[in-house]
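# Everything below, folded, please.
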Amino acid sequence: MCGRSDTARSNTMAEYRSTGRELRKSPKGVIAGLFLIALAACGAFFGRNVLQNLVSLEADDSEEVEIEVPSAEESSAVTNQVEYGSVAVPKTEIRRGPLMIINDDFPTEDAETGIVSVFEKKTPCLTTRDMQVYLLEETVDALNDMADAFYAQTGHNDLLVLNGYVTKDEQKRLYEADLQRTGASSSDLYAIPGCNEFESGYTFELSLFVNGAFQDFTGEGDYEWILKHCAEYGFIQRYPEDKSQYTHVEGRPWVFRYVGSPHAWYMYKNKLCLEEYTDLLEMSPYEGEHGIINDQLGREYEVYYVSVDPEDPAAEAIVPTPIGYQYTISGNNKHGFYITVFLENN
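Coordinates of the predicted model:
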């Protein structure tokens, strides 16, 4: 039950699962160009006001996405209803959060806290490779909800978490062992320690355990439900087939990342990968117009970005936060924080 299949593709997956292929920062110009099309149609925004493209979306199952761009007055009215205070956030938290980017330009640190055994926390509708698969608890909670809903809709209880959290020490061991094996100065199989996507605790590989054997997750047949509904539970496909120009990783339908439901829903409906979306968020600074997005239930959120001066020696950053509203803070693992405000929970 805990063994691996002997197929060639499974071997390829095993190599990838250890590597967490390096990513590259996607150019903001590309993102801005995509969204300026919508802006030009409205004739109301330009330059930094491209953030107005973070818009309300209605939940539906259609393939076409209709984007409504709010007027400046409408968006300002929503933003102006929020009053702000501030909190002091340790700068180390820049390397924490579901929206962070991890690559060889922006390595991360071990998650340290909140990592749990998926086997010990999982729903009966979910299986793990063995007892040594770990993720952050919030990832496991959302994954359980999705697995239960998938079972209710399809009767399948064969989803299997094949790989999850990797520590920096484990990544270092794999990396150095491969250098010794090949005699090379760098590894083609394993990412530099700290640069593996799976070191986040938010990323995992989904497989199937059917009739006592492992099967690849392809998202076909009944399992297409996962691809269509994972965003409702806060998950995205980390490496979509058509986004390798941004992720620099070929399409891998079995790799998922938890980012939170409003963000996952926006990315799904607008066909954005994480690199594209975080570049877009950075065009919504606290000092400017804030983005407004909806989740799958139509609930409204405000999102904005707070940049942190890397030259400032202070141990903490002062982050503007809303008064009287629930909010979350995610570091971007680069130079700042994304703040998400639940506007309907005053």
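
# low pLDDT regions in the stretch 201-346 of the chain?
In the predicted model, the stretch 201-346 of the chain carries pLDDT under 70 at residues 345-346.

# longest single helix anywhere in the chain?
Using DSSP state H, we find that the single longest helix of the chain is helix 137-154.

# what comes up buried for that one?
Neighbour-count burial for helix 137-154, counted by 16 or more other C-beta atoms under 10 Å, picks out 138-144, 146-151. (C-beta placed from N, C-alpha, C; glycine too.)

# give the contact list for Tyr134.
By C-beta atoms under 8 Å, 6 or more residues apart in numbering, Tyr134 lies in contact with 115-118, 164-165, 201.

# Equivalent analysis for Val308, please.
By C-beta under 8 Å, 6+ apart, the contact set of Val308 is 91, 94, 317, 335-337.

# and those as TSV, adding distance to Ser261 and secondary structure?
Formatted as TSV, those follow (distance: C-beta to C-beta, whole Å; DSSP: H, G, I helix; E, B strand; the rest coil):
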residue	distance to Ser261	secondary structure
Lys91	27	helix
Ile94	23	helix
Ala317	26	strand
His335	26	coil
Gly336	22	strand
Phe337	19	strand
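
# and which of these is nearest Tyr327?
Phe337 (10.8 Å; C-beta to C-beta).

# Pull up the gap between the closest one and Thr278, please.
Per C-beta to C-beta, to the nearest Å, Phe337 is found 12 Å from Thr278.

# Val118 too?
With distances taken as C-beta to C-beta, Val118 is found 26 Å from Thr278.

# With neighbour count added, can I get the contacts of Val308 in a markdown table?
Converted to a markdown table, the contacts of Val308 look like this (neighbours: other C-beta atoms under 10 Å):
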| residue | neighbour count |
| --- | --- |
| Lys91 | 18 |
| Ile94 | 22 |
| Ala317 | 21 |
| His335 | 16 |
| Gly336 | 22 |
| Phe337 | 26 |
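
# Turn the residues you listed into JSON lines, columns for distance to Ala111.
Below are these laid out as JSON lines (distance: C-beta to C-beta, whole Å):
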{"residue": "Lys91", "distance to Ala111": "17"}
{"residue": "Ile94", "distance to Ala111": "14"}
{"residue": "Ala317", "distance to Ala111": "20"}
{"residue": "His335", "distance to Ala111": "20"}
{"residue": "Gly336", "distance to Ala111": "19"}
{"residue": "Phe337", "distance to Ala111": "17"}
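
# So Phe119, which state does it fall into?
Classification of Phe119 by DSSP: H, G, I helix; E, B strand; the rest coil places it in helix.

# Verify the stated contact: it with Leu126.
No: Phe119 is not in contact with Leu126 according to C-beta atoms under 8 Å; the separation is 9.4 Å.

# what distance separates the start and the end of stretch 101-116?
22 Å (C-alpha to C-alpha, to the nearest Å).

# Now do the buried residues in that stretch.
Neighbour counts over stretch 101-116 (16+ other C-beta under 10 Å) mark 101-103, 106-108, 110-111, 115-116 as buried.

# and if you look at stretch 234-241?
234-240.

# Please, where are all the strands along the chain?
In the chain, the strands defined using DSSP state E lie at 84-90, 115-117, 126-128, 134-136, 159-163, 203-210, 213-216, 235-239, 252-258, 291-294, 300-307, 316-322, 326-331, 336-342.

# Reformat the ones you listed as JSON lines; add distance to Cys273.
Listed next are the strands of the chain as JSON lines, based on distance: least, C-beta to C-beta, whole Å:
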{"stretch": "strand 84-90", "distance to Cys273": "27"}
{"stretch": "strand 115-117", "distance to Cys273": "25"}
{"stretch": "strand 126-128", "distance to Cys273": "25"}
{"stretch": "strand 134-136", "distance to Cys273": "21"}
{"stretch": "strand 159-163", "distance to Cys273": "20"}
{"stretch": "strand 203-210", "distance to Cys273": "13"}
{"stretch": "strand 213-216", "distance to Cys273": "21"}
{"stretch": "strand 235-239", "distance to Cys273": "8"}
{"stretch": "strand 252-258", "distance to Cys273": "10"}
{"stretch": "strand 291-294", "distance to Cys273": "16"}
{"stretch": "strand 300-307", "distance to Cys273": "17"}
{"stretch": "strand 316-322", "distance to Cys273": "26"}
{"stretch": "strand 326-331", "distance to Cys273": "17"}
{"stretch": "strand 336-342", "distance to Cys273": "16"}
